[in-house]
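**Student:** Build me a structure from this.
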Amino acid sequence: MGSDSETERSGKDKKKINSLMPIAKPLAGKKLCKKTFKLVRRAAEAKCLRRGVKEVVKSIRRGNKGLCVIAGNISPIDVITHLPILCEESGIPYIYVPTKEDLANAGATKRPTCCVLVSTKPAKGELEAEVKEKLQSDYDQVTSEIVLLTSSMY
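**Tutor:** Here you go, the predicted structure:
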């Protein structure tokens, strides 16, 4: 038997899985999820992050490249169903993560976020060489894993 906290945790994990959208594919596993949140956190610190559906769509349409991270528990589903199509047309890799709350925490906001676009270039100014190098290496690692995951799906 487990302790009360263990059963509460497993209940929360089941709730996260049950509330996922049916279109949430490719869904990041635990390891990839952790790496993705780390990348989002670094991008937020470096001001290389676009938060929310409107900002992400605007950036993609303007031709900005990056990694699109979409929450998998959005309701209603119609809010973000067009995002994967936009990303595929623009050649931008995308990945689903289990919850919008976790995505918001990684993006340094309290408000739950549907999606974020991680770019390696800030909106204004330049990054320090060390920060840019760390961000680029994390970005390359996560995108290569996502490309590998999506290629194995089809």
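**Student:** so where's the chain shaky on pLDDT?
**Tutor:** For the chain, residues meeting the criterion pLDDT under 70 lie at 1-18, 154.
**Student:** let's see 80
**Tutor:** Low-confidence segments of the chain, defined by pLDDT under 80, span residues 1-19, 123-125, 127, 153-154.
**Student:** Centre-most residue in this protein?
**Tutor:** Central residue of the chain (CA atoms, centre = their mean): residue 69, 2.3 Å from the mean position.
**Student:** I would like the residues contacting the lengthiest helix in the chain, please.
**Tutor:** Here the longest helix in the chain is taken by residue count, with DSSP state H as the criterion, and it is helix 129-153. Helix 129-153 is contacted by residues 25-26, 28, 32, 35-36, 38-39, 42-43, 45-46, 48, 67, 93-95, 118, 120, 127 when judged by CB atoms under 8 Å, 6 or more residues apart in numbering. No exception for glycine: its C-beta is placed from N, CA and C like everyone else's.
**Student:** Which of these fall within strands?
**Tutor:** Residues of the contacts of helix 129-153 located in strands (DSSP state E): 67, 94, 95, 118.
**Student:** Identify the residue nearest the residue nearest to the centre of the chain in space, chain neighbours excluded?
**Tutor:** Distances taken as CB to CB, 6 or more residues apart in numbering place residue 116 nearest to residue 69, at 5.1 Å, with adjacent residues excluded.
**Student:** before we move on, what SS does that neighbour have?
**Tutor:** strand (DSSP: H, G, I helix; E, B strand; the rest coil).
**Student:** how many neighbours does it have?
**Tutor:** 28 (other CB atoms under 10 Å).
**Student:** Quickly list what it is bridged to.
**Tutor:** When bridges are called by DSSP bridges, residue 116 pairs up with residue 51, residue 69.
**Student:** residue contacts, it?
**Tutor:** Contact analysis of residue 116 by CB under 8 Å, 6+ apart lists 40, 43, 49, 50, 51, 52, 56, 68, 69, 103, 107.
**Student:** who wins for most neighbours among these?
**Tutor:** Among the contacts of residue 116, residue 69 has the most neighbours (other CB under 10 Å), with 30 neighbours.
**Student:** For it, give me its contacts.
**Tutor:** The contact partners of residue 69, taken as CB under 8 Å, 6+ apart, are 36, 40, 94, 95, 96, 97, 103, 115, 116, 117, 118.
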